[in-house]
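Engineer: need a 3D model of the sequence below.
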Amino acid sequence: MEFVKKSKLKYKIIFLTLIIIGIITFGFCIGLGSVKIKLPEVFNILLNKNAVDNPFYNIVWDIRFPRALAALIGGSALATAGLLLQIFFKNPIVEPYVLGISSGSTLAVGLVILGGFTLGFESVSPFVLFISAFIGSLIVMCIVIIFAGKVKNVVTLLVIGLMVGYICSGVTSILIAFADKEKLQGFTMWIMGSFSGFTWQQTKVLLLIGIPAVLMSTLIVKPLNAFLLGEEYAKSMGVNIKFFRIAIVTISSILASVVTAFAGPVAFIGLAVPQISRLVFKTSDNKVLVPGTILLGGIVTSLCDLVARTILAPVELPISAVTSFIGAPIVIILILKRRTTL
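Structural biologist: Okay, here's the model as predicted:
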């Protein structure tokens, strides 16, 4: 009993620390840039309704705040999707990017932007981009799940996911080869992955879709814990396995596609952050890991976005270039640890 109390207190302290770090990171993301704004002034502009006359007001509210918010929510979404997929496939090196889900989203968005497929809508709106990205990711995920029932080796399944991703990338390359220069320039910037230029319209769509999907993941923590002990145990605990699988696939696809639709493919966040979360909390309890991953996903992605736009300013790096430096070493370490079983 005493041990349980100490564990709960430890988790509360960690969560409180992460929230404080998240707030400070969010402030730095808004304050740092070509024009530097001190943290107290940033929070004054954000919290004070009478700060309209502040010379930095438009910079904060119209440019940096939407981007910082998008990076925060987008990172939480990708990290959560990664955690759900890792639990689903019982493999720590699974993420939307590895399984080809992001490639499916990229192809679908490419068909809309480069191919002119607007899904019956008159123009390419943020909502159309999300729908196309979601359909693309869902198709790839369904293909992977079909093969999941036919192959026993997880490595084989991952290879299949990678191959499907390569096929999607190949078709995308063909679209790029025949695209107009004007369309190609915008798509090239998008495919590199960046939270740059996020408008309030895009951010609102990300919030309206991303936040409910992230919250939905917190509602399935009990089935997730039961699933860790095997399907038979989960069934004995009253978990509807078929519905549970559909829920994970749908939530993961929504989370990955809504970010990919606007920020482009962002690699390694879905892979690295769940591992960081396990290291920080030292538990496999998803009641702790899911909210912890949500917080860490937002923090890590925000920091990566900050580094991407400031380290070589005025040149801005693709965010995947920064996230790769975090994710790649973690993958190598995990593979080395699991070399006897893979």
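Engineer: pick out the residue nearest the middle of the chain.
Structural biologist: Geometric centre of the chain, nearest residue: Leu78, 1.5 Å, by C-alpha atoms, centre = their mean.
Engineer: can you tell me the closest non-neighbouring residue to it?
Structural biologist: Using C-beta to C-beta, 6 or more residues apart in numbering and skipping the chain neighbours, the partner closest in space to Leu78 is Ile269 (4.2 Å). To be clear about C-beta, it is placed using only N, CA and C from the backbone, and glycine gets the same treatment.
Engineer: mind listing what the one you found touches?
Structural biologist: Shown here is Ile269, whose contacts under the criterion C-beta atoms under 8 Å, 6 or more residues apart in numbering are Gly75, Leu78, Ala79, Gly82, Glu95, Gly297, Val300, Thr301, Cys304, Thr323, Gly327.
Engineer: I figured the fourth one hits Gly270, correct?
Structural biologist: Yes: between Gly82 and Gly270 there is a contact under C-beta atoms under 8 Å: 2.7 Å.
Engineer: as a markdown table, the contacts of Ile269 with pLDDT, secondary structure and distance to Val315 would be great.
Structural biologist: Output for those, formatted as a markdown table (pLDDT from 0 to 100; DSSP: H, G, I helix; E, B strand; the rest coil; distance: C-beta to C-beta, whole Å):
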| residue | pLDDT | secondary structure | distance to Val315 |
| --- | --- | --- | --- |
| Gly75 | 96 | helix | 22 |
| Leu78 | 95 | helix | 24 |
| Ala79 | 96 | helix | 27 |
| Gly82 | 94 | helix | 29 |
| Glu95 | 84 | coil | 28 |
| Gly297 | 96 | helix | 26 |
| Val300 | 94 | helix | 22 |
| Thr301 | 96 | helix | 20 |
| Cys304 | 94 | helix | 16 |
| Thr323 | 90 | helix | 18 |
| Gly327 | 75 | helix | 22 |
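Engineer: nearest to Leu229, of the residues you listed?
Structural biologist: Gly82 (21.0 Å; C-beta to C-beta).
Engineer: from Val290, how far off is that closest one?
Structural biologist: 12 Å (C-beta to C-beta, to the nearest Å).
Engineer: ok, those two, which is more surrounded?
Structural biologist: Shown here are Gly82 and Val290; by other C-beta atoms under 10 Å, Gly82 has more neighbours (32 against 24).
Engineer: next one: that one from Lys12, what distance?
Structural biologist: For Gly82 relative to Lys12 (C-beta to C-beta), the value is 25 Å.
Engineer: could you list the low-pLDDT ranges of the protein?
Structural biologist: 1-6, 49, 118-124, 148-149, 151-155, 334-335, 337-342 (pLDDT under 70).
Engineer: one step back: my read is that the residue nearest to the centre of the chain contacts Ser105, right?
Structural biologist: No: using C-beta under 8 Å, Leu78 makes no contact with Ser105, being 11.6 Å away.
Engineer: can you pull out the helices in the stretch 51-200 of the chain?
Structural biologist: Secondary structure of the stretch 51-200 of the chain (DSSP state H, counting those that start in this stretch): helices at 57-58, 65-89, 101-113, 126-148, 154-177, 181-191, 200-218.
Engineer: C-terminal to the longest helix seen in the chain, what's the next element?
Structural biologist: Across the chain, the longest stretch assigned as helix under DSSP state H is helix 2-31. Next along the chain after helix 2-31, taking DSSP states H and E as the criterion, comes helix 39-47.
Engineer: which other helices and strands does that following helix contact?
Structural biologist: If you count contacts as 3 or more C-beta pairs under 8 Å, 6 or more residues apart in numbering; DSSP states H and E, helix 39-47 packs onto helix 2-31.
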